[in-house]
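Colleague: mind looking at a prediction? Sequence and model below.
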Amino acid sequence: MDIYLVPGLGADHRLFQRLDLAPHPVHPLNWPAMPEGSSLADFARVLADQVDRTRPHALAGVSMGGMVVQEMAALTRPVRTVVISSWKGPQEMPPPIRVLRGTHAERILTPAFMKRTLPLIRWQMGVETEADKALFDAFIAATPLEQVRVQIAAVLAWEGPSRPVEGLVHIHGSGDRLMPIWHIQRPLRVEGGGHFMVHNRAEDVSQLVLQALEAQATPSGNGTSL
């Protein structure tokens, strides 16, 4: 089964370099440059054009990518949709994030603001090792700030997927500081995993993704732990 991977906000295909999803063919996608005012559904339509819908496939996305794959699911009809370190709708956003909806908080982002808040952003993201920092800083250097603003605005405006997503699996770290797990409904837990766990806990995440692809039904209850 083909697996299409969508990265998090401001990230790219390098986020998935440590995942091992063999024997499935993996297709990491990158964010398209989008105009101001684009919605997550707009991102989904562009990325869906890169999916071979004639073949059985799964969609997996991290953070913002997890939201976008939920929108893509209505277009490509995957066998399974996996969201990692993400939200399934605004009801899972913590109060400090919900209060920013409708405020155009993305407008405060300037190079000076990003530089000043970088240590806090790294902490929230669970970026801890030197390898984590090198990759995270490479993402910041490679992504134009105006595109970060477009992406943040789209996330804050999201009302959840336009259609119910069948075969949805949600993988989430218990130590995620950016998207705390206590707001997340029915996740599969990675104990101690942070928001960057697709990179620094790649073995655990890979195992759960593979389990999700093999599962016959969407998980329910409190999920499982690693």
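Modeller: Looks like it arrived, so ask away.

Colleague: what's the first helix or strand after the one helix or strand Ala112 maps to?
Modeller: Using DSSP states H and E, Ala112 maps to helix 111-125. The first helix or strand that comes after helix 111-125 along the chain, using DSSP H and E, is helix 130-142.

Colleague: could you list every helix and strand that the helix holding Ala112 packs against?
Modeller: helix 130-142 (3 or more CB pairs under 8 Å, 6 or more residues apart in numbering; DSSP states H and E). For the C-beta atoms, the positions are set from N, CA and C on the backbone; glycine is no exception.

Colleague: contact partners of the helix it packs on?
Modeller: Applying CB atoms under 8 Å, 6 or more residues apart in numbering, the contact partners of helix 130-142 are 10-12, 14-15, 114, 118, 122, 125-127, 196, 199-200.

Colleague: may I see the buried residues of it?
Modeller: Residues 132, 135-136, 139 are the ones in helix 130-142 that count as buried (16 or more other CB atoms under 10 Å).

Colleague: repeat for stretch 78-95
Modeller: 78, 80-88, 92-93.

Colleague: what angle separates the helix holding Ala112 from helix 130-142?
Modeller: Here the directions of helix 111-125 and helix 130-142 differ by 150 degrees (axes from the mean of the first three to the mean of the last three CA atoms, to 10 degrees).

Colleague: so for helix 111-125, mean pLDDT?
Modeller: For helix 111-125, the per-residue pLDDT values average out at 87.

Colleague: okay, buried residues for that helix please.
Modeller: In helix 111-125, counting by 16+ other CB under 10 Å, buried: 122, 124-125.
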